[in-house]
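Engineer: Following is a predicted model, sequence given first.
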Amino acid sequence: MTRFRIGTRKSTMALAQTEEIARRLSAAIPSLDIEIVRFETTGDTDQTSKLLTHGGKGGAFVAEIRRAMLTGELHAAMHSLKDMPGNEETPALVVAALLSRDPPGDVLVLRQGLSLDDFRREGGRGFKIGTNAVRRAAYARRLLPNADVIHFRGAADTRIRKLDGGELQRLPDGGAVGPADALIMARSGLERVGLADRASYDFPIADMLPAVGQGIVAVECAASDWETRRILSTIDDPVARACADAEREVLWVLNGHCNSPIAGFATIAGMQMTLTASVLDEAGDRFIEAQRTGPADRPRELGRAVGLELLAQGAAELIERSRPR
C-alpha cells in the first residue's frame, strides 16, 4: 500500500474534517495507507490573544502545518478554506482539492437554560454574545444593536463548554469579559463536532453573509508534487472549486486583511453563478453589499466584477479603517 500522510490541527473539528478527507480518499483509491498527523498550532495553544497577534488565521492555524509540507514531512494538509489567507499566494503550495460544501451559514447558540423566546423578548438586550470573528461581530452589532458583543476564543466544542460553564474569556491585557449568554458559530462546525442540536437559530444567508469559503474543506500540497496532486484530484468537487474561486477573487480585489469584516457567498444554478459580497465596519454602522450573476464557468471574472463594485461604493475606506495601526 502507498503511505499518504495528511497534517491537521488537534481540535475535534479539524480531526473530523481530516477523517472525512481520509474516507473519501480511501473510497477513491483503496490502496492508500492514510496516516493523519496532528499538529498543535499557535492558534490552538494561545486561547487568549486575538488572532491578529499571530498574523491572523493564516499565521495562527496554517503556517506551522505548511512548513511541514514544504520539508516533506507531509504529503498534504487539511485546512478550513475560510482560515486560509485569500489575498496572497503561498509560494510552492497549491490547493489540490476542495470537498463539497457543508452548510455555509451561521447560527446562534444559547447558554443552557436560556431560550430563544428569552432572547427575542428583549431583542438581545442585556445579552453578551461571544465571537472571535470580526465579520460575525460586525453583523451582530448591525442586526442586534441591543446586545453586547464580546471577544470569545476556542475550538467549537471548547467554546460551548465555556459558554455553558459560565466561564470568563481572558483578554490579552490580563482582563476578562463575560460570561457569554450566547455565541455566533458556523453551522458546519457544530455539525462536525456532533453539536448541531445546540443551534437555536439559523441566521438567513441574506442577513449574515458567510465568510469567504465558509463550509469548504481544503486540501493543500506542494505544487511540485504531481503524484499527490493526482491523488487529491479524485476528491475535488467542481462546484465548491468554482464558488471558492469567485469568493476568493473578491478578497484579492479588495486586498482584505485578517481584521477586515468581509463576507462573500456564491451559488450555482444551472449554468449561472450568483455571487454576493459585503464589507462592514467593525461597529456595524456602515454596510456595503454587491451582487452579480454571470456564467458559472467564469468564476474569477464574476468575483473581480463584484470586488470592483464594492470598491466603487467605498469598500477601500472601510478596509483601511479596520487595518491594524
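Structural biologist: Looks like it came in fine.
Engineer: At which residues are the helices of the stretch 51-200 of the chain located?
Structural biologist: When secondary structure is read from DSSP state H, counting those that start in this stretch, the stretch 51-200 of the chain shows helices at 56-57, 63-70, 116-121, 134-143, 156-164, 187-192.
Engineer: Any idea which of these gets closest to F265?
Structural biologist: helix 134-143 (11.6 Å; CB to CB). No exception for glycine: its C-beta is placed from N, CA and C like everyone else's.
Engineer: which residues sit against that closest one?
Structural biologist: 106, 129, 131, 147, 149, 184, 203, 207-209, 211, 259-263, 280-285, 287, 322 (CB atoms under 8 Å, 6 or more residues apart in numbering).
Engineer: how long is stretch 86-94 from one end to the other?
Structural biologist: Chord length of stretch 86-94, first to last residue, is 13 Å (CA to CA, to the nearest Å).
Engineer: One more: stretch 227-238?
Structural biologist: So stretch 227-238: terminal residues 20 Å apart, CA to CA.
Engineer: between the helices of the stretch 51-200 of the chain, which gets nearest to E19?
Structural biologist: helix 187-192 (9.7 Å).
Engineer: For the host helix or strand of L251, buried residues please.
Structural biologist: Assigned by DSSP states H and E, L251 belongs to helix 238-254. By neighbour count with 16 or more other CB atoms under 10 Å, helix 238-254 contains the buried residues 240, 242-254.
Engineer: cool, and stretch 200-209?
Structural biologist: Residues of stretch 200-209 classed as buried by neighbour count (16+ other CB under 10 Å): 203, 208-209.
Engineer: ranges for the strands of the stretch 1-150 of the chain?
Structural biologist: 2-9, 32-39, 76-80, 93-98, 106-110, 128-131, 148-151 (DSSP state E, counting those that start in this stretch).
Engineer: Turn those strands into a markdown table, columns for mean pLDDT and distance to V217.
Structural biologist: Output for those, formatted as a markdown table (pLDDT from 0 to 100; distance: least, CB to CB, whole Å):
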| stretch | mean pLDDT | distance to V217 |
| --- | --- | --- |
| strand 2-9 | 93 | 10 |
| strand 32-39 | 95 | 14 |
| strand 76-80 | 94 | 6 |
| strand 93-98 | 96 | 7 |
| strand 106-110 | 97 | 17 |
| strand 128-131 | 95 | 21 |
| strand 148-151 | 94 | 26 |
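Engineer: In JSON lines, list those strands along with mean neighbour count.
Structural biologist: What follows is the strands of the stretch 1-150 of the chain, written out as JSON lines (neighbours: other CB atoms under 10 Å):
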{"stretch": "strand 2-9", "mean neighbour count": "20"}
{"stretch": "strand 32-39", "mean neighbour count": "15"}
{"stretch": "strand 76-80", "mean neighbour count": "25"}
{"stretch": "strand 93-98", "mean neighbour count": "21"}
{"stretch": "strand 106-110", "mean neighbour count": "24"}
{"stretch": "strand 128-131", "mean neighbour count": "24"}
{"stretch": "strand 148-151", "mean neighbour count": "20"}
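Engineer: who wins for proximity to S224 among those?
Structural biologist: When the strands of the stretch 1-150 of the chain are compared by CB to CB, strand 93-98 sits nearest S224, at 9.2 Å.
Engineer: now what about the closest one, what contacts it?
Structural biologist: Strand 93-98 has contacts (CB under 8 Å, 6+ apart) with 21, 66, 69-70, 76, 81, 84, 216-223, 228-229, 232-233, 235-237, 240-241, 244.
Engineer: Mind doing that once more with 6 Å?
Structural biologist: Residues outside strand 93-98 that contact it (CB atoms under 6 Å, 6 or more residues apart in numbering): 216, 218-221, 223, 229, 232, 235-237, 240-241, 244.
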